[in-house]
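Undergrad: Predicted model and sequence follow; I will ask about them next.
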Amino acid sequence: MPFQTFMIESGFKVLAMARLGSCEYSIVLYLLNCAVTGLHELITNEREFGSLIGYPEDQLQQAMQNLAQRNIIVVKVHEQHQSTSRQSLRIGIQYDVHLWQLNFDKDVTSHDAVVFPFKRESNVHYLQPRENVDITPTIRHPLPTWKRILETFLEGRDDLNEHELLNAERDANILVDTHPVDQVLLMLRHFGTRIPTLSLLASAWQHYQTLFEEETEKVDILEARHKHLESDHRLRDAVELLLQQKTESRLNEEEIGVLEILFNHRHPRRQLFWAFQSRGRYPNLKEFFDQNSYLMLPVTSSGTVFKKRPHQD
């Protein structure tokens, strides 16, 4: 997905450093908002677009020219025989931020826009290695911490090119200084390839922490929800089958109405409970209630699910 590429490359941080004018930022943010909804290109004209974002045509035209020259947006013009304000324009974001022409130093890349936390205080002192020292990883000479992070990140990623490997090595060294190593390794092992780059892990650390807590704490809840949905589908399938056989089963209009309510209701198993209370009114549904009553969820008049008291002899 093009917008996902923009996110992975820290596009919003690059945009914050791009030093655009107010009209230029309005254009880019409007197009990004369209992209979030799945609309990656906008077909309009200068007069209409200017009225949408609240800028006069001449200012909008200049801003769009600047953005197109810097390769931040892509503009295609149709109906060139028309006047400039009426020409049909096809406008979209250039999602590859590496192609953007930025205003600052030539040596700065999009990765320099990633904002890392301050380095943690450390009492580690770096000593010059002695000559002829065996640096093969052993218990006595363990693998450097940043390499442990790098190796964990590279598991299951065989398609990285040389440039991506160099970036990963650089970001692994940064993560060692900015985050607890054990937590970094835990995040990498949990999310795996869902973490596209180490720079994204560093810059969106709080997001991954929150997501990790949600996924590890709500496993049982998700499993229970899945079981409830399976029971809902089982009940709807039984209702649908009986509706297809309504003529053979000699169902009256009221009985058909009850089945249609069960089939279309958001919580069919709760609605089955109320239908079961009035089962005497639906004689032709006796077999249906006998076979499916185990699926119903008893509820109070307010809709709260309750459990029956255990039977006492």
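TA: Looks like it arrived, so ask away.

Undergrad: so who does the closest residue to residue 23 other than its chain neighbours touch?
TA: Distances taken as C-beta to C-beta, 6 or more residues apart in numbering place residue 63 nearest to residue 23, at 4.0 Å, with adjacent residues excluded. From N, CA and C alone the C-beta is placed, and that goes for glycine too. Remark: with contacts taken as C-beta atoms under 8 Å, 6 or more residues apart in numbering, residue 63 is in contact with 21, 23-24, 27, 55.

Undergrad: Touching, residue 41 and residue 90? I think so.
TA: Yes: in terms of C-beta atoms under 8 Å, residue 41 counts as a neighbour of residue 90; the distance is 5.7 Å.

Undergrad: do you know how far the residue nearest to residue 23 is from residue 40?
TA: Per C-beta to C-beta, to the nearest Å, residue 63 is found 20 Å from residue 40.

Undergrad: now residue 6
TA: To residue 40, residue 6 is 10 Å away according to C-beta to C-beta.

Undergrad: When these two are compared, which one has more neighbours?
TA: residue 6 (20 against 14; other C-beta atoms under 10 Å).

Undergrad: nearest residue to the more buried one other than its sequence neighbours?
TA: residue 95 is the one closest to residue 6 (C-beta to C-beta, 6+ apart), at 4.4 Å.

Undergrad: State whether residue 76 is indeed within a strand.
TA: Yes: membership of residue 76 in a strand is supported by DSSP: H, G, I helix; E, B strand; the rest coil.

Undergrad: gap between the longest helix belonging to the chain and the chain center?
TA: The single longest helix within the chain, with elements called by DSSP state H, is helix 219-244. Offset of helix 219-244 from its chain centre (C-alpha atoms, centre = their mean, to the nearest Å): 26 Å.

Undergrad: which phi and psi does the residue nearest to residue 23 have?
TA: Phi and psi for residue 63, reported as degrees, to the nearest 10, are phi -60, psi -40.

Undergrad: distance of it from residue 50?
TA: Plainly put, residue 63 is 10 Å away from residue 50 if you go by C-beta to C-beta.

Undergrad: Flag every buried residue along the next helix or strand along the chain from the longest helix of the chain.
TA: Next helix or strand after helix 219-244 toward the C-terminus (DSSP states H and E): helix 253-264. By neighbour count with 16 or more other C-beta atoms under 10 Å, helix 253-264 contains the buried residues 255-256, 258-259, 262-263.

Undergrad: what two of those residues have the greatest distance between them?
TA: The distance between the two most remote of the buried residues of helix 253-264 (C-beta to C-beta) is 12.9 Å, for 255 and 263.

Undergrad: Using the three-state scheme, assign residue 20.
TA: With three-state DSSP as the criterion, residue 20 reads coil.

Undergrad: Contact partners for the residue nearest to it when sequence neighbours are not counted?
TA: Counting by C-beta to C-beta, 6+ apart, the nearest residue to residue 20 once its immediate chain neighbours are dropped is residue 28, at 6.9 Å. By C-beta under 8 Å, 6+ apart, residue 28 lies in contact with 15, 20, 67, 72-73, 93.

Undergrad: Let's have these in JSON lines, adding pLDDT, secondary structure and distance to residue 292.
TA: Listed next are those as JSON lines, based on pLDDT from 0 to 100; DSSP: H, G, I helix; E, B strand; the rest coil; distance: C-beta to C-beta, whole Å:
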{"residue": "15", "pLDDT": "82", "secondary structure": "helix", "distance to residue 292": "56"}
{"residue": "20", "pLDDT": "86", "secondary structure": "coil", "distance to residue 292": "62"}
{"residue": "67", "pLDDT": "91", "secondary structure": "helix", "distance to residue 292": "61"}
{"residue": "72", "pLDDT": "89", "secondary structure": "coil", "distance to residue 292": "59"}
{"residue": "73", "pLDDT": "90", "secondary structure": "strand", "distance to residue 292": "58"}
{"residue": "93", "pLDDT": "87", "secondary structure": "strand", "distance to residue 292": "52"}
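
Undergrad: So which of the residues you listed wins on neighbours?
TA: residue 67 (27 neighbours).

Undergrad: and the gap between it and residue 94?
TA: 9 Å.

Undergrad: anything in contact with each of these two?
TA: Taking C-beta under 8 Å, 6+ apart as the contact rule, residue 67 and residue 94 both touch residue 73.

Undergrad: Number of residues surrounding residue 277?
TA: There are 11 residues near residue 277, going by other C-beta under 10 Å.

Undergrad: List phi and psi for it.
TA: Dihedral angles for residue 277 - degrees, to the nearest 10 - are phi -60, psi -30.

Undergrad: if I look at it, how far off is residue 271?
TA: Distance from residue 277 to residue 271, counting by C-beta to C-beta: 11 Å.

Undergrad: Equivalent analysis for residue 200, please.
TA: Distance from residue 200 to residue 271, by C-beta to C-beta: 45 Å.

Undergrad: Residue 23: which element?
TA: helix 22-36.
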